[in-house]
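In: Predicted coordinates and the sequence they were generated for:
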Amino acid sequence: MALKLKLKKFIPVFIVFAFLETLSLMMAGQSFAATREFNLTIEEVRIHVAPGLDFNVFAFDGQVPGPLIHVKEGDHVIVHVTNNTSLPHTIHWHGINQTHDNWKMDGVPMITQEPIQPGDTFTYKWIAERSGTLWYHCHVNVNEHVALRGMWGPIIIDPKHPSHLEKKVTKDFILMYSSWQSPYSTHYGQGGGPRDEADYWSINAKSFPMDMPIRVKKGDIIRLHFIGAGDAFHEIHLHGHDMLVVRKDGYPLPHPYFVDTILVGPGERYDIIVRMNNPGRFVMHDHIDKHMTNGGKEMGGAMTVVEYDGIPKEDWYIWKGKSKTYDPDFFYTQSMKKGYGMFTNPKFKGTPVE
């Protein structure tokens with residue numbers, strides 16, 4: 001009888017403690033959405049793309065690529081966009097489906113909104129509903145503004161529940177592939193038509209050798225975010241390593257697969273994980289051969305080099321002196337380590353067009 005009385009007194013206390021413990025676990029596992037608010041401008045600037053090629057662009061915050069937007073799955077994002085150019089623009093948040101009656105934020109002129117006129121500001125609001133590599137770009141005259149005028153930037157949305165392999169990533173590198181048509185480098189309102197052909201190709205708006213190497217050390221597990229920002233296809237091949245495709249257009253793949261070469265089309269994104277286990281110097285390039293030229297001159301175009309720490313640089317090596325001018329945030333690698341927010345790179349900025 002005494003034991004029964006003790007149990008009766010103990011059971012309510014046990015239930016309370018069990019409930020509190022369950023609630024605590026739920027709270028710890030729940031990821032509360034943050035509201036992240038940014039200001040973004042559109043500017044008319046001139047950037048240096050390749051040896052012998054400067055280009056007039058419409059640039060987000062005056063830079064190409066535009067600022068990195070790095071948020072977490074479920075976050076509420078507010079972006080105030082001010083148009084400081086002479087032509088109207090919008091922003092499409094590519095990969096955000098704008099659900100829950102949010103279609104007016106989709107950024108398509110005369111379909112979901114009036115274009116942002118010169119001097120005006122428009123506020124976009126959206127929810128980071130799914131994770132992965134996304135991007136943003138203008139949706140006015142996309143054949144020119146996106147394909148030729150640099151109106152694009154990366155969005156990285158971290159998943160609430162990353163995979164076991166994603167948790168092991170030590171460095172991120174964002175590579176936005178695009179092309180350029182030199183006859184229209186100074187003429188806003190022209191180019192990008194079906195009869196116009198590109199003669200320059202780039203990574204993050206720089207053609208080799210004006211871009212930067214990917215610097216790693218043995219044992220790194222790196223993630224490459226490939227984004228097809230222009231209207232060209234790029235057949236990306238990394239020497240000396242296997243590339244594991246883990247996400248396509250932001251979506252995690254149930255069965256990741258290894259590739260030697262991967263075709264990145266306009267608007268496509270791939271998350272690639274590579275184990276750095278083969279010290280040396282290895283080129284990563286577009287395997288469409290003419291894309292490795294600058295105005296028809298080799299070597300150039302959409303190409304970079306993976307450099308392992310500790311590998312000597314011979315005098316004949318094309319990037320022998322690159323250490324003096326190296327930009328560690330050329331692929332937004334440093335920005336990706338800073339947490340959540342909007343990150344610019346002063347070295348991507350152009351000079352105002354007079």
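Out: Good, I have the coordinates. Residues are numbered from 1 along each chain as shown.
In: Can you tell me who the residue lying closest to residue 165 once chain neighbours are set aside pairs with across the strands?
Out: Leaving aside its sequence neighbours, residue 165 sits nearest to residue 273 (C-beta to C-beta, 6 or more residues apart in numbering; 6.1 Å). C-betas here are computed from N, CA, C, even on glycine. Here residue 273 sits in beta bridges with residue 223, residue 244, as judged by DSSP bridges.
In: residues in contact with the closest residue to residue 278 other than its chain neighbours?
Out: Closest residue in space to residue 278, ignoring its immediate chain neighbours: residue 240 at 4.9 Å, by C-beta to C-beta, 6+ apart. Contact criterion C-beta atoms under 8 Å, 6 or more residues apart in numbering gives 278, 280, 282, 306 as the residues in contact with residue 240.
In: one more time with 10 Å, if that's ok
Out: The contact partners of residue 240, by C-beta atoms under 10 Å, 6 or more residues apart in numbering, come to 274, 276-284, 306, 308.
In: so how far is residue 300 from it?
Out: Residue 240 sits 21 Å away from residue 300, taking C-beta to C-beta, to the nearest Å as the criterion.
In: The residue nearest to residue 165: how many residues sit nearby?
Out: Counted with other C-beta atoms under 10 Å, the burial measure for residue 273 works out to 20 neighbours.
In: and if you look at the one 3 residues further on?
Out: Other residues near residue 276 number 21, with proximity taken as other C-beta under 10 Å.
In: The residue lying closest to residue 239 once chain neighbours are set aside: what's it in contact with?
Out: When the adjacent residues along the chain are set aside, residue 239 lies closest to residue 282, with 4.1 Å between them (C-beta to C-beta, 6+ apart). Residues in contact with residue 282, defined by C-beta under 10 Å, 6+ apart, are 214, 238-241, 276, 304-308.
In: hmm, 6 Å instead?
Out: Each residue near residue 282 by C-beta atoms under 6 Å, 6 or more residues apart in numbering is listed here: 239-240, 306.
In: Strands - which of these land there?
Out: In this view, the contacts of residue 282 that belong to strands under DSSP state E are residue 306.
In: Mind putting the contacts of residue 282 into CSV with pLDDT and distance to residue 179?
Out: CSV is the format used below for those (pLDDT from 0 to 100; distance: C-beta to C-beta, whole Å):
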residue, pLDDT, distance to residue 179
239, 98, 23
240, 98, 26
306, 98, 23
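In: so which of the contacts of residue 282 comes closest to residue 128?
Out: The shortest gap between residue 128 and any of the contacts of residue 282 belongs to residue 306, at 30.5 Å (C-beta to C-beta).
In: isn't the closest one right next to residue 215, touching?
Out: No: proximity of residue 306 to residue 215 does not meet the contact threshold set by C-beta atoms under 6 Å, at 8.1 Å.
In: higher neighbour count, those two?
Out: Neighbour tally, residue 306 and residue 215, criterion other C-beta under 10 Å: the higher count belongs to residue 306, 23 against 20.
In: Okay, that one and residue 61: tell me how far apart.
Out: In terms of C-beta to C-beta, residue 306 sits 29 Å off from residue 61.
In: Of the contacts of residue 240, select the buried ones using a ChimeraX command.
Out: Here is the ChimeraX command that selects only those of the contacts of residue 240 that count as buried (16 or more other C-beta atoms under 10 Å):
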select :274,276,279,281,282,283,284,306,308
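In: Widest-spaced pair of the contacts of residue 240?
Out: Of all pairs drawn from the contacts of residue 240, the widest gap by C-beta to C-beta lies between 277 and 283 and measures 17.3 Å.
In: Kindly tell me how buried residue 254 is, as a neighbour count.
Out: Using other C-beta under 10 Å as the criterion, residue 254 is surrounded by 5 other residues.
In: re earlier: out of the contacts of residue 240, list just those in strands.
Out: Per DSSP E, the contacts of residue 240 map to strands at 274, 281-284, 306, 308.
In: With distance to residue 117 as new columns, can these be given to me in CSV?
Out: Formatted as CSV, the entries for these read as follows, by distance: C-beta to C-beta, whole Å:
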residue, distance to residue 117
274, 45
281, 49
282, 48
283, 45
284, 41
306, 45
308, 50
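In: quick one: which of those is nearest residue 315?
Out: Using C-beta to C-beta, residue 281 comes nearest to residue 315 of those, at 14.2 Å.
In: which ones are touching that closest one?
Out: Applying C-beta under 6 Å, 6+ apart to residue 281 gives the contacts 305, 307, 311.
In: Show me which of those are buried.
Out: Neighbour counting over the contacts of residue 281 (16+ other C-beta under 10 Å) leaves 305, 307 as the buried ones.
In: JSON lines for the contacts of residue 281, including distance to residue 109?
Out: As requested, the contacts of residue 281 are arranged in JSON lines below (distance: C-beta to C-beta, whole Å):
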{"residue": "305", "distance to residue 109": "40"}
{"residue": "307", "distance to residue 109": "43"}
{"residue": "311", "distance to residue 109": "50"}
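In: Taking the centroid of the chain, which residue is nearest it?
Out: residue 154 (3.0 Å; C-alpha atoms, centre = their mean).
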